[in-house]
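Trainee: pasting a predicted model and its sequence here:
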Amino acid sequence: MPALITARLELQPMEPGDLAWYAELAGDAEVMQYIGHAGPLSHQQAIERLARYVRCWEEHGLGMFGVRLREEPLPVGWAGLQPLSGTNEIEVGYAFGRAAWGRGYATEVASAIVQWGFAVLGLERIVAVASPENTGSRRVMDKLGMRYEGVRPGSGHDSVYYSLTPAAFTRAAPLRALARGTTP
């Protein structure tokens, strides 16, 4: 399975041994405020969700990565690609522990994952959904070059829906570079 490396982060496919750090982050109400609809996960729910992430790798050749700072041993979040429930589309998703918020990691990791999805997996389209009030996630989607497609119902509440093609991702490279304070 692939490992991805960015300027500051290392991504490893999630595996059963990730339960301790994952359960801690997924049990945090603030971290999980906009992730799914269940709120913070119990330990048993974290076991079940992690098992689903591991199966995704086995069944689809893509999934969630544990994301850690290159100089740190434990992940600070998770991110990846997965089938969007109830559709034939592939979704990019990401979540980080509170200590990692506001540092640009979500844009950095989502950019690397989308690049991998287009260049290595040959995807022609990647989507993202978020709660309408999740402005941080929506900013990441904008920086990636994703196109807003409106609000769609799902799992009992409405979500904003965005999509991205390889061409739009390439056109957005200067915006991502500005967000990092670098030149394209």
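Mentor: Noted; the coordinates are in hand. Residues are numbered from 1 along each chain as shown.

Trainee: from here on, contacts and neighbour counts on C-alpha atoms
Mentor: Fine.

Trainee: got phi/psi on residue 133?
Mentor: Backbone torsions of residue 133, given as degrees, to the nearest 10, read phi -80, psi 0.

Trainee: what's the distance between it and residue 36?
Mentor: 14 Å (CA to CA, to the nearest Å).

Trainee: ok now do residue 12, which residues does it touch?
Mentor: If you count contacts by CA atoms under 8 Å, 6 or more residues apart in numbering, residue 12 has them with 2, 3, 4, 65, 66, 67.

Trainee: beta partners for it?
Mentor: Beta bridges link residue 12 to residue 66, judged by DSSP bridges.

Trainee: pLDDT below threshold where in the chain?
Mentor: For the chain, applying pLDDT under 70 flags the ranges 1, 37-38, 154-156, 174-184.

Trainee: cutoff 90 now
Mentor: For the chain, the stretches with pLDDT under 90 are 1-2, 28-39, 71-74, 85-87, 131-133, 152-159, 168, 170-184.

Trainee: show me where the protein has helices.
Mentor: For the chain, the helices defined by DSSP state H cover 19-26, 43-60, 105-119, 135-144, 166-171, 173-180.

Trainee: buried stuff in the fourth one?
Mentor: The one in question is helix 135-144. Neighbour-count burial for helix 135-144 flags 137, 138, 140, 141, 142, 143, 144 (criterion: 16 or more other CA atoms under 10 Å).
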